[in-house]
Structures are given as C-alpha cells and as structure tokens.
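Colleague: next one to model:
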Amino acid sequence: MPSSVVTFYQQAVIVIIMPDDPAANLALNIKQLREARGLTQQQIAKAAALPRPTWANLESGAANPTLLVLMKVAGALQVTLEELVGPPRAVARLYRADQLPLRRRGKVSVRRLLPDPIAGMELERMELPVGASMAGVPHTPGTREYLTCETGQLELTASGERWTLEPGDVVVFRGDQAHGYRNPGRAAAVAYSVVTLARATS
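Modeller: Residues are numbered from 1 along each chain as shown. Prediction:
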C-alpha cells in the first residue's frame, strides 16, 4: 500500500476516534470552559485549589487526574463530571428566549441572560409595564450593580436617593442595599441589570 494512502488512513482513523476519547475530551473541554469564562490558568487553578502546573497538564492532555482532582475542576468550572469527559460542545449555541429562566414579580418580567453560570456575575433583562414597580433584593456586602435603560423610562430608588433613566443612561450603585425599580413613563420600559457579586466573607 502506498505510504500516502497509509498516512491518509491513519489520519482518518484519528479523526474518527478522537471525539470518543474521554482523555482528549477532558483536555479540550477544560480549556474551552476556562476560556469561555475569561479566566487564566492561574486564576482558575486557584479557584479549584490546584497548582497551576496541574491545571496546565490537564489542558495539555498529559495528566491522569484522580476523581478528587476532577471534582475540584468541575466545581471551579461549575459543570458536571459528565460534561468534563463528554464530547466537546459546539463553539456556539443558540438559546431561544423560552429556554432562558424567566420569573415574574408582580407585573414585572425578569429574564436571566446568562444560560451558563459565570462566577460572580448576573445579567438580567427587566420589562416593566406602565406604572409597574419591583423591589430589588440586596446582595452580598460589597456588590455593585450596573443598571441601564434600553427603552422607555426607568426610575431607580436606593438609599433614599432617586434617579430617572432615559434610553442609554447608566447608573452604578451598591447592590447590597435596599433598592427598587419603577416605570414612571407612558410606555413599557426595558432595562438591563449587571450585578457583580462580592465574595462572601467567612
């Protein structure tokens, strides 16, 4: 058999078996999940209570991790063990609106916009009909919230102060205090809230 044919055959076999190789899946998944969270190896290794060289070996596929190490990795990335060793997911995934968690507080609709958990961050879309209001829930001490109005008019009350936001306006405030939202306008209001959570102190 010509050498070129043998080479092609070997490459074709590799392409077929790689997706079913748990070790290869593990290395690729760990790297993709870390990068998707915008973290360095040093940062995620610290979150997992692992040495950085150990994490680097995991991403290179050179490691033979114990169950305890895998559990630490899964915990830091906030995924299951099955997701770590399963076939890698597509680089992009479309989430339809009805697939995202939605809750209602009175007349206000609040939709979570991050389908995958990202440590220390919450992003939500709020829709308030005319005259609707909602009390915010104070977060961990030190938390900051970034609130922007997309359409309509939105009123924020926090610590006895009041701000009225027009489309495009942004207000930054402490999210660890009592606060509330209200639509004082004549049309439905849509706003986005980005919460950066402070770490809870023991």
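Colleague: C-alpha from now on. contacts and neighbour counts both.
Modeller: Will do.
Colleague: residues in contact with the residue sitting nearest the centre point of the chain?
Modeller: Geometric centre of the chain, nearest residue: Ile118, 3.0 Å, by Cα atoms, centre = their mean. Residues near Ile118 by Cα atoms under 8 Å, 6 or more residues apart in numbering: Arg37.
Colleague: helix, strand or coil for it?
Modeller: Following DSSP: H, G, I helix; E, B strand; the rest coil, Ile118 is assigned to coil.
Colleague: for it, give me the pLDDT.
Modeller: With respect to pLDDT, Ile118 has a value of 78.
Colleague: ditto for Thr148
Modeller: On the pLDDT scale, Thr148 gets 98.
Colleague: cool, Asp20 as well?
Modeller: For Asp20, pLDDT reads 56.
Colleague: just Gln32 next, same as before
Modeller: 88.
Colleague: how about Ala90?
Modeller: Note for Ala90: predicted pLDDT of 64.
Colleague: got it, and the one 5 residues further on?
Modeller: pLDDT, the model's per-residue confidence, is 83 for Tyr95.
Colleague: for it, helix, strand, or coil?
Modeller: With three-state DSSP as the basis, Tyr95 sits in coil.
Colleague: name the element the residue lying closest to it once chain neighbours are set aside belongs to?
Modeller: Distances taken as Cα to Cα, 6 or more residues apart in numbering place Pro115 nearest to Tyr95, at 7.8 Å, with adjacent residues excluded. Following DSSP states H and E, there is no helix or strand that holds Pro115.
Colleague: before we move on, the earlier item: the residue nearest to the centre of the chain and Leu77, how far apart?
Modeller: Applying Cα to Cα, to the nearest Å, the value for Ile118 to Leu77 is 9 Å.
Colleague: over to Gly180?
Modeller: 32 Å.
Colleague: more neighbours, the two?
Modeller: Leu77 (20 against 17; other Cα atoms under 10 Å).
Colleague: state the pLDDT value of the more buried one.
Modeller: For Leu77, the predicted pLDDT is 91.
Colleague: ok, it to Ala24 distance?
Modeller: From Leu77 over to Ala24 the distance is 18 Å, taken as Cα to Cα.
Colleague: again, but for Gly168
Modeller: The gap separating Gly168 from Ala24 is 45 Å, by Cα to Cα.
Colleague: please apply the same query to Gly120.
Modeller: 29 Å.
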